[in-house]
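> sequence and predicted structure are below.
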Amino acid sequence: MKLDRRTFLSIGAGAAAGGAVGSLFTPLPWKLTDDLSIWSQNWPWTPDPARGEVTFAPTTCELCPGGCGVSVRKVKDRCVKIEGADGNPVNDGGICPLGSSGLQILYGPTRIKTPLKRAGKRGEGKWKPVTWDEALGEVAAKLSDLRQKKLAHTAAVYVNGGEGTVNNLFLRLATVYGTPNVFVSRTAWDTYADALLHMQGEYAKPAFDLENSDYILSFGCGIIEGWGSPVRMIRVNAQVAEAGSGKTVVQIEPRLSNTAAKAGKWVAIKPGTEAALALGLCHVIIREGLFNDEFVSTFSQNFEDWVDEVHTEHRGFKRAVLEDFPPSAVEKITGVPRAQVAKLAREFAAAKAPVALFGTGKGEEAGTLYGAMAVHALNALMGRINQAGGVFMLPPDADFNWPAPAMDALAQRSLRENRIDGAGTDRFPLASELPSRLGEVLADPKKPYPLHALLVYAADPAFTLPETEKVLAGLSQIDFVVYCGSQMNDTAAMADLVLPDHTCYEKWQDVPTPPGFARRHIGLTRPVVKPLFSTMQAGETAIRIAKAMGGPVAESFPWSDYIQCLEESMGARLADMKENGFWEAEPDKGPWYTAFKTRTRKFDFAPRIISPAFPDTKILLPTYEALTPAGSESGFPLTLIPYENLRLAAQNVGDTPFLVKTLPDSSLMNQESVVEINPATGKAFGLREGGAAILSTPAGETRVRVHFYPGVAKNTVALPKGLGHIGYDDYLAGKGTNVNALVGLLPDPVTGHNAALIARARIVPA
Amino acid sequence: MSQSSLKPSETPADKNAYAGLWAVVLFAAAVGFYASLLVGWIVFPKLLYSKQNQPIDFNHVVHVGAVDDSCQTCHYFREDGSFAGMPATADCAGCHESMDSLQGENPQEKLFVQDYVEKDQKEVPWFIYSKQPPCVFFSHAAHVFSPKMRQFRDPEYQLPEEEVEEGAYDDTTCHVCHGFIGESEHNRPYEENRITGYSRDIWGENIAGIKKHTWERMKMDDCAECHEKVKGHKEACFVCHK
């Protein structure tokens, strides 16, 4: 037999057939099938939960100022869930969606894992990892160089708040270094604190005893949308809503927000006119004699007309309000019917424990000083200061007993330079700093001097300041931008050097009292896990920068490390903080005759400013001053307002991937922000539900989607705040529009701080 | 074969060639058949599994003899009822504190103390013979403490009339699934399935999946088989696949 091709193939086929049949008598095909099915379940991206002992570790959430105590559930060394800490006075077991998704920040794939140096163009997202020694050395060298060239004032420091040890370490660094250009993110709480400073003679934070109030009059505060401490506020709202509670929330707001929808009453008002309504309520209360006579006549001043030392007559609060804010005038300004103004005032006065709240949305915008004073005057008229269910004062959480900083001649001299934003000058004498003007100032070719360096801790000016385009352009002009924080936010994306901070699950740090909380409450973050990456506690970073600079700067930081600084700063409080997770102190609930620190020890309805900046007498008599956004009414017939909610983090921390997923189609659709517009207005402008449109303001334009919502007044468009990031990662960046990019600066005529995010706008179908 | 069976073109020589070819093909088929059997039963298992020794050779007999509570001294239940599984190095360090206080002369103990206990109590990367995929929920407590399960293990055990509190487990427990591992003086080599990444013990030593004892396989069907005996049904999917 010849072994030709045919024979060969036949033999091969025979062997194969035999092999195939034979394999059926072996476990091979059956075992392989089983193994392959298991293999197909073992893709590398399939999560494999850690196994091990389940433990709970406490810390304090730092993702917003709310200061909730949290308990992190761990399996072995892996954190698997964040829950609210039971028994914590702020949140007692509750947690918000941002806090509960914090592990996406801890373990997120795009977290900053090591110090980074810019490797491409600014904002391009190209980075080169560097060591901590290199990074800190570079910061110290650049800052020292500026200082030696007597340009210390051209380096600026921007922090997220004025309280807490870490913010204050950066502020101290600025002081001993010698720069007057210190910026602190400005909120409605700061404006209310200013109102207290002027009216009560003491810089203090307001504490609202809402749990014991029976009538909460909210001037636009997003009570269940993140104002104050979100979880606490949701509980307060639930407590009010309970059947038979005898309590109510009245929400004054231009838009039917979640808070308004759940309130006992929603008072629709024209955007930015809340102060006028507050003064209108004061008018009715005074006219009808409903105010607390004991408080007003014995413990207040400048209620009635008064004469100064040079015999000039001044209107008192009473006459000013009676003359200027009758309900008819208030109706014209605010759009709230006069009968409703009177009814609201009577209800407020008739309640047992009423309280008025200030700060629109989450309280992230400064608002106007007169707005805060008008709301506080309303509280004062009813004698709601230092009363159960009313408003109390808390000292700022910055009482650390640090040794006085060592100030050399260089620092003293450069601190006397004018600030770049004009704060404290004759133009803005009542402001100590004006972060909202940063974009405008940096873009101004006539600015007093250029900024050569900017050190940012945890804040996100590139995202949170109005006039985003100017801010970004301004940041690009600064030679050396350093960002210190745990997330690659928009400012970090624009930086030259990023110094990553631990997350609040990896570090020791104090957390200041949550805004508006009824007591002083300093929380403690604790390492739940060892730091996962090459990050450094930001306080430690500040100390090391100072030490690397040497001389008097280093001398002002006598602590060996941040832990020693924290221990010494907290003192005896630390024992409580370690045991319970927080330290608490009741506010001063003293009687009215000891409550006020003004010269006369009385509450001042119309405080007088005595300062060289005001050659003529300056009296802060609360009033309403119309805010006029840029643009003509014919070119921009609509009013653009932002809206906020709990699912959109809009400050220095952005939305986690989980939170983005919770956004409804009425906020974000096809990666585009959705504007709410009244159906009648929308139809008049040729828009359709879900359709694309171009929204323009004098500051810029953007493509949006349209949602018809009768809860917005006619000729108004509402845009969600918290979208449109350039930093972070694919889960958040490039989704939607940043409201700040569409609004111009709208300064408070009294202080210069940004009064509101309101702009004129037009919208056309895309 | 008659002439008529030949096709017009076929010659007797061709016919012989066909027969020869068939014989060769059949032989080839037989070779293929047996080769396949050889591969399937002998070569395949050798290729499928990799073999590794445990990082430390562990003597269960010595340890069981030295402790008071048998298996549960080291393989204990935590306060919350979860099962600790493999003891952590910190647990071992309770006895094997340092090189200065070794318990015996065994070089494996020295290796353990030196490489793990004294190196910040680093965990030993033990290979787990019984590790199941993460899609399986398994509660040791339910299997160990349930009186019905105990009765299954020990037919003489009388079910209590009242609910009993969980307590120590008896010596009839562990081997039902894990075999008499407590009687071993050395660790078996760990064999890992190269495709699935799981231990050979899950499918069982026998490549055909045949077992004689309950501890010789840990596949889903084996769980179901036991559940059927104890509870009368094989259970719904979500009982184990949460």
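Arrived safely.
> only C-alpha atoms for contact and neighbour calcs from this point on.
Will do.
> the stretch 251-400 of chain A: helices as residue ranges?
A:258-262, A:274-287, A:293-299, A:317-324, A:327-334, A:338-350, A:369-381 (DSSP state H, counting those that start in this stretch).
> equivalent analysis for chain B, please.
Using DSSP state H, the helices found in chain B span residues B:12-38, B:44-48, B:60-66, B:89-92, B:107-112, B:140-145, B:147-153, B:175-178, B:200-203, B:220-231, B:237-240.
> in the third one, which residues are buried?
So the one you mean is helix B:60-66. In terms of neighbour count (16 or more other CA atoms under 10 Å in any protein chain shown), helix B:60-66 has its buried residues at B:60, B:63-64.
> how about the residues of the stretch 401-550 of chain A near chain B?
By CA under 8 Å from any CA of the partner chain, no residue of the stretch 401-550 of chain A approaches chain B.
> return the member of the helices of chain B having the minimum mean pLDDT.
Among those, helix B:147-153 carries the lowest mean pLDDT, a mean of 77.
> what are the contacting residues of it?
Helix B:147-153 is contacted from outside by B:143-144, B:157-160, B:172-173, B:176, B:230, using CA atoms under 8 Å, 6 or more residues apart in numbering or on different chains.
> that older thread, could the helices of chain B be laid out in a markdown table, adding distance to residue A:532?
Converted to a markdown table, the helices of chain B look like this (distance: least, CA to CA, whole Å):
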| stretch | distance to residue A:532 |
| --- | --- |
| helix B:12-38 | 51 |
| helix B:44-48 | 37 |
| helix B:60-66 | 36 |
| helix B:89-92 | 22 |
| helix B:107-112 | 27 |
| helix B:140-145 | 32 |
| helix B:147-153 | 43 |
| helix B:175-178 | 36 |
| helix B:200-203 | 34 |
| helix B:220-231 | 37 |
| helix B:237-240 | 33 |
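> deepest of those helices, which one?
helix B:200-203 (a mean of 23; mean count of other CA atoms under 10 Å in any protein chain shown).
> tell me which strands and helices the longest helix anywhere in chain A is in contact with?
Criterion DSSP H: the longest helix present in chain A is helix A:5-24. Helices and strands touching helix A:5-24, by 3 or more CA pairs under 8 Å, 6 or more residues apart in numbering or on different chains; DSSP states H and E, are helix B:12-38.
> can you pull the residues of chain B lying near chain A?
B:17, B:20-21, B:24-37, B:40-41, B:44, B:78, B:82, B:84, B:134, B:195-197, B:207-208.
> output the contacting helices and strands for the longest strand seen in chain A.
For chain A, the longest strand by residue count, based on DSSP state E, is strand A:700-708. On a contact count with 3+ CA pairs under 8 Å, 6+ apart, strand A:700-708 meets strand A:672-677, strand A:692-697.
> residues of the last one that come out buried?
Residues of strand A:692-697 classed as buried: A:692-693, A:695-697 (neighbour count, 16+ other CA under 10 Å).
> quick check: the gap between residue A:643 and residue A:360.
9 Å (CA to CA, to the nearest Å).
> just to revisit the earlier point, quick one: which of the buried residues of helix B:60-66 is nearest to residue B:12?
residue B:60 (75.4 Å; CA to CA).
> for the closest one, what are its contacts?
Counted by CA under 8 Å, 6+ apart, residue B:60 has contacts B:181-186.
> same deal with residue B:202?
For residue B:202, counting by CA under 8 Å, 6+ apart, the contacting residues are B:129-132, B:217-219.
> could you count how many residues lie near the residue of the stretch 351-500 of chain A found nearest chain B?
Residue of the stretch 351-500 of chain A nearest chain B, by CA to the nearest CA: residue A:500 (27.2 Å). Residue A:500 is flanked by 28 other residues according to other CA atoms under 10 Å in any protein chain shown.
> now do the strands in the stretch 51-200 of chain A.
For the stretch 51-200 of chain A, the strands defined by DSSP state E, counting those that start in this stretch occupy A:54-60, A:69-75, A:78-84, A:116-118, A:127-129, A:155-159, A:182-184.
> so which bits of the fifth one are buried?
If I follow you right, that is strand A:127-129. Buried-residue list, strand A:127-129, by 16+ other CA under 10 Å: A:127, A:129.
> identify the residues contacting it?
A:114-120.
> again, but for the third one
When contacts are defined by CA under 8 Å, 6+ apart, strand A:78-84 is touched by residues A:50, A:68-74, A:91-95, A:99-103, A:529.
> one more time with 7 Å, if that's ok
Contacts to strand A:78-84, defined as CA atoms under 7 Å, 6 or more residues apart in numbering or on different chains, come from residues A:50, A:69-74, A:91-95, A:100.
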